[in-house]
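*Asks:* mind folding the following:
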Amino acid sequence: MRRDSKKRSGISEIIGTLLIVLATIAIGSILFVTSSNTLNLGVSNQLNQNSVVIQQLQERIVTYDVWFQTNNSQQVLAMHLYNYGSVVVDIVALYINASGPLTAFATAYPNGVVISPQQLQALYIPFTATHGMKYDIVLVSSVSSRFESLWGA
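*Replies:* As a prediction, this is how the structure comes out:
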């Protein structure tokens, strides 16, 4: 019997195997690059978070004096702060009695208050106090450190 010889229009086994190996290498390379970028991003985020925690641990502010006084017929909260830490502290918000941020602080100091190490800083903020009342004053730094003190008017 005679076989009809048909022309084959496929690819050889060697070329097919090479194409499968190349496709596997390409997919593996894409997965490797993606996973290493994700890993680098995670490590970078962790380092940034650690630096913020270190900054918070090094910030040291003490409120050593507070007055509720009247200046030019306007009632003012006068605060004296001292930075006894080793880093610059940027005070960005002031809260009184767990209320929202005191808007008078943001108005008086729109860029916050920067206190260098071993520096005294006086703050004067418009505020109406009630005689005989206690005020829980919380200062917040740019890295979210909280400095809390209780004062009476």
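*Asks:* for the helix or strand of the chain at the bottom of the mean pLDDT ranking, the distance to its chain's centre please.
*Replies:* Ranked by mean pLDDT, DSSP states H and E, the helix or strand of the chain with the weakest confidence is helix 13-58, at a mean of 79. Relative to its parent chain, helix 13-58 has a centroid offset of 25 Å by CA atoms, centre = their mean, to the nearest Å.
*Asks:* and the helix or strand following that helix, what does it pack against?
*Replies:* Per DSSP states H and E, the first helix or strand lying C-terminal to helix 13-58 is strand 61-71. For strand 61-71, the packing partners by 3 or more CB pairs under 8 Å, 6 or more residues apart in numbering; DSSP states H and E come out as strand 74-83, strand 134-141, strand 146-152. C-betas here are computed from N, CA, C, even on glycine.
*Asks:* any chance of these in CSV, plus mean pLDDT and distance to V43?
*Replies:* Rendered in CSV, the data for those read as follows (pLDDT from 0 to 100; distance: least, CB to CB, whole Å):
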stretch, mean pLDDT, distance to V43
strand 74-83, 91, 32
strand 134-141, 91, 26
strand 146-152, 88, 29
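*Asks:* of all those, which one is nearest Q119?
*Replies:* Comparing these against Q119 with CB to CB, the closest turns out to be strand 74-83 (5.4 Å).
*Asks:* list the buried residues in that closest one.
*Replies:* Burial within strand 74-83, assessed by neighbour count using 16 or more other CB atoms under 10 Å, is assigned to 76-77, 79, 81-83.
*Asks:* and of those, the nearest to I91?
*Replies:* The shortest approach to I91 among these belongs to L81, at 7.6 Å (CB to CB).
*Asks:* I'd say that closest one and Q121 touch.
*Replies:* Yes: checked against CB atoms under 8 Å, the pair L81 and Q121 is within contact range at 4.8 Å.
*Asks:* joint contacts of the two?
*Replies:* Contact criterion CB atoms under 8 Å, 6 or more residues apart in numbering; residues shared by L81 and Q121: 113, 115.
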